[in-house]
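J.: starting from these lines, generate the structure:
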Amino acid sequence: MTTPTANASSPGPGVAQRAVPYLPLGLVAGLGAVLAFLWKSPCRFGGAWNTGVGQYTNFCYTDIYPLWWAEHLNEGKIPYVDYPVEYPVGIGGIMELARRLARGDALTFYDITVVLMGISLVAGVLLMAALAGPARRWDALWYAIGPAVILCAYINWDLAAGALALGGLLAWAKDRQYLAGVLLALAVATKFYPLMFFGALFLLTVRTGKWFPFLKTVSAAAATWLLVNVPVMLINFDGWERFYAFSSERGADWGGLWFFFQRKDWGFLADPDRLNTMAMGALAVLLLGIAALAVFAPRRPRLMQLCFLALAAFMITNKVWSPQYVLWLVPFAVLARPKWGALVAWQLAECWYFFSIWLYLVAQDPANASLGIGDTPYFLSVWARAITIVVLMALVVKDVLRPESDVVRRGGVDDPSGGVFSGAADRFALPLRRRETTPPVSA
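T.: Coordinates of the predicted model:
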């Protein structure tokens, strides 16, 4: 009598078995989504959205509820077709779906949007955990139930773009380049910031020579972006163009360092006529620095390190820095450098800014000045947030230049989310010092 033994042809674990380790994370993310909804209770159930200052003093403001009227959704108008919208078409599509389901009720519109964003949060957490790899799966708790995430989750539609971007990067990590391009393009069509990740992929492609996978992703992304944008452009170009025109025309706004420079009249930095040029120039300088790091580093940087650095550069130099932008950065900051110290300091600064911005808006009305705060405490929170992110960037740069200090690469791991880059040999590099001649093999 023989006993069956496992062999190379035996099937691997099924989908259900592979999903079991992620179930606790999904449940915690669901809890985070519910807590974020409960945080808005004074507005959602107490009516503070309709009392003006109450939505600020109760710290429960959202863009979603007032845009029901501002975007004329209450009149049954279709985004872009009947009315120009200041968001990319992905958000316009979500608006239209929620409008149809809401049947004319603003609170129902908000609730449906929250359900969609809550699902996006859970999906984003699971995707982040998969990107982190089995050894660091629990790092996704930062995104599932981080305090800044709970505070900012339902201010806008950012969580949808986050889930799409993380999905695209996970597809890249699994060597599914066409799917990666589709999902990343949908992310860019929802919020513009995931465009930064194509730059990270390009830099690692230059270093490794993996051009065919990169071109597959870019071609799929271009086709997908055109597929979702061109029909709207043909129906009403002016309505579609509004987002891009608004982004170009808007001045320095809340949260941005440029807003501080203008408010304090810091010489040429306060010149509104040069704002676009200065903002784009500052971003270009930082991105060139990241590109130099990518090719000069003694060992090829991890994909998540470059994604984080590019995204942080985009945020710091942006004309506006809304509190919900923290949702963009959390997954990538953690995946780039999952060490508690600097992450905790940054999250505290983000929470500080969250409370400061609403109290600052309260004080803009002289009648309510006693309920809010002035310039000094507000701008302290602005700079605290910026400085903690710069510190995080510096620490990631240190890990790139001294890869032995990168906790993700311990135990022979190269790049858990790098896809074809993981373990790849250098084809182009200008190392500051002698680099490793043999690439490490992924664990």
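
J.: and W358, how far from L183?
T.: Here the distance between W358 and L183 works out to 34 Å (Cβ to Cβ, to the nearest Å). From N, CA and C alone the C-beta is placed, and that goes for glycine too.

J.: ok, now G124?
T.: Going from G124 to L183 by Cβ to Cβ gives 12 Å.

J.: cool, and F214?
T.: As for F214, its distance to L183 is 15 Å (criterion: Cβ to Cβ).

J.: neighbour count for these two, which is higher?
T.: Ranked by neighbour count (other Cβ atoms under 10 Å), F214 and L183 place L183 first, with 27 against 23.

J.: show the pLDDT at the more buried one.
T.: We have a pLDDT of 98 for L183.

J.: now do L169
T.: Per-residue confidence at L169 stands at 98 (pLDDT).

J.: and if you look at the one 5 residues further on?
T.: Note on K174: pLDDT of 97.

J.: L329 - how many residues pack around it?
T.: When neighbours are counted by other Cβ under 10 Å, L329 registers 22.

J.: low-confidence ranges, the protein, go.
T.: Residue ranges of the chain with pLDDT under 70: 1-16, 429, 431-443.

J.: secondary structure element for the residue nearest the centre of it?
T.: Geometric centre of the chain, nearest residue: W328, 1.9 Å, by Cα atoms, centre = their mean. Assigned by DSSP states H and E, W328 belongs to helix 326-336.

J.: that helix - contacts with which helices or strands?
T.: Packed against helix 326-336 by the contact rule (3 or more Cβ pairs under 8 Å, 6 or more residues apart in numbering; DSSP states H and E) you find helix 106-132, helix 141-145, helix 147-152, helix 158-173, helix 303-316, helix 340-363, helix 375-401.

J.: adding distance to K210 and mean neighbour count, write these out as a markdown table.
T.: Shown next, in a markdown table, are the helices and strands packed on helix 326-336 (distance: least, Cβ to Cβ, whole Å; neighbours: other Cβ atoms under 10 Å):
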| stretch | distance to K210 | mean neighbour count |
| --- | --- | --- |
| helix 106-132 | 18 | 22 |
| helix 141-145 | 28 | 23 |
| helix 147-152 | 33 | 22 |
| helix 158-173 | 11 | 26 |
| helix 303-316 | 12 | 25 |
| helix 340-363 | 31 | 19 |
| helix 375-401 | 19 | 18 |
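
J.: those helices into JSON lines, with extra columns for distance to K77?
T.: Converted to JSON lines, the helices and strands packed on helix 326-336 look like this (distance: least, Cβ to Cβ, whole Å):
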{"stretch": "helix 106-132", "distance to K77": "13"}
{"stretch": "helix 141-145", "distance to K77": "35"}
{"stretch": "helix 147-152", "distance to K77": "28"}
{"stretch": "helix 158-173", "distance to K77": "21"}
{"stretch": "helix 303-316", "distance to K77": "32"}
{"stretch": "helix 340-363", "distance to K77": "28"}
{"stretch": "helix 375-401", "distance to K77": "36"}
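
J.: L31: which of the ones you listed is closest?
T.: helix 141-145 (6.5 Å; Cβ to Cβ).

J.: ok, P194 - contacts?
T.: Residues near P194 by Cβ atoms under 8 Å, 6 or more residues apart in numbering: 161, 164-165, 168, 184, 187-188.

J.: which one of those is nearest to S422?
T.: Set against S422, the nearest of the contacts of P194 by Cβ to Cβ is G168 (16.9 Å).

J.: that closest one touches V188, doesn't it?
T.: No. With contact defined as Cβ atoms under 8 Å, G168 does not count as touching V188 (9.4 Å).

J.: ok, now which ones touch the residue nearest to A36 when sequence neighbours are not counted?
T.: Distances taken as Cβ to Cβ, 6 or more residues apart in numbering place A153 nearest to A36, at 3.7 Å, with adjacent residues excluded. The contact partners of A153, taken as Cβ under 8 Å, 6+ apart, are 32-33, 36, 117-118, 121, 159, 324, 327.

J.: try it again at 10 Å.
T.: By Cβ atoms under 10 Å, 6 or more residues apart in numbering, the residues touching A153 are 32-33, 35-37, 39-40, 62, 114, 117-118, 120-121, 146, 159, 324, 326-327.

J.: one more: L306?
T.: 196-197, 199-204, 290-291, 293-294, 297, 300, 332, 336, 396, 400.

J.: what residues are up against P42?
T.: 48-49, 51, 54-55, 57-60.

J.: and for L126?
T.: So L126 contacts 19, 22-23, 25-26, 29, 137, 140, 143-144, 163, 166-167, 170 (Cβ under 10 Å, 6+ apart).

J.: what do you get if the cut-off is 6 Å, keeping everything else the same?
T.: The contact partners of L126, by Cβ atoms under 6 Å, 6 or more residues apart in numbering, come to 22, 26.

J.: ok, now how distant is it from L311?
T.: From L126 to L311 the distance is 20 Å (Cβ to Cβ).

J.: next one: V34
T.: Distance from V34 to L311, counting by Cβ to Cβ: 28 Å.

J.: distance to N236 for the contacts of P194 - can I get that in CSV?
T.: As requested, the contacts of P194 are exported to CSV (distance: Cβ to Cβ, whole Å):
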residue, distance to N236
A161, 23
L164, 24
A165, 27
G168, 28
L184, 26
A187, 23
V188, 20
